[in-house]
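Colleague: compute the structure for the input listed below.
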Amino acid sequence: MTDYLQNISNSPIFHAPNTGNISYGNTYRSVIIMELFFLAALFILDVCTTEFILMNGGQEMNAVMVGVATTSSALHLLVKGFVLAMIITTIYYANRVIKHAGTMALVILIGWYIGVDFHNLGVIFL
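Modeller: Predicted coordinates:
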């Protein structure tokens, strides 16, 4: 009976395949980078849809961005880029202080900007 168990434990099916350089840290970093690119795309979509709405007679609903969005498209994009850079810095710092805290904030921000972009698209198409 013992020989049978030894044969099972030595079987290639029993052992997990070699994953090479794939590790939790590498995969986690890749997911965060992908989420940051997704957030950047949402920011760009927000700027584009907001500018389209403003060009067609709409109003900026964010009280903080009224002066920026109505001034120029370049300034609007520049301010959103600065905000994105601050978010990336904060997420990096938060993940270093408390594990996954920044990632959770990033997921919440992605959800928020999905809602913002859907609202803007609803204003445009409805």
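Colleague: which helix or strand contains the residue nearest in space to the middle of the chain?
Modeller: What sits nearest the mean C-alpha location of the chain, by CA atoms, centre = their mean, is E35, with 3.1 Å. Per DSSP states H and E, E35 falls inside helix 24-55.
Colleague: spit out the contact partners of the residue nearest to the centre of the chain.
Modeller: Listed by CB atoms under 8 Å, 6 or more residues apart in numbering, the contact partners of E35 are 103, 106-107, 110. Quick note: C-beta positions are derived from backbone N, CA and C, even for glycine.
Colleague: any of the residues you listed buried? List them.
Modeller: Buried members of the contacts of E35, scored by 16 or more other CB atoms under 10 Å, are 103, 106.
Colleague: pLDDT below threshold where in this protein?
Modeller: Low-confidence segments of the chain (pLDDT under 70): 1-24.
Colleague: run the last query once more with 80
Modeller: For the chain, the stretches with pLDDT under 80 are 1-27.
Colleague: before we move on, what SS does M61 have?
Modeller: Following DSSP: H, G, I helix; E, B strand; the rest coil, M61 is assigned to coil.
Colleague: residues near it, how many?
Modeller: 14 (other CB atoms under 10 Å).
Colleague: about what we covered before: now the contacts of E35 in a markdown table, with distance to L78?
Modeller: Below are the contacts of E35 laid out as a markdown table (distance: CB to CB, whole Å):
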| residue | distance to L78 |
| --- | --- |
| T103 | 27 |
| L106 | 22 |
| V107 | 26 |
| I110 | 22 |
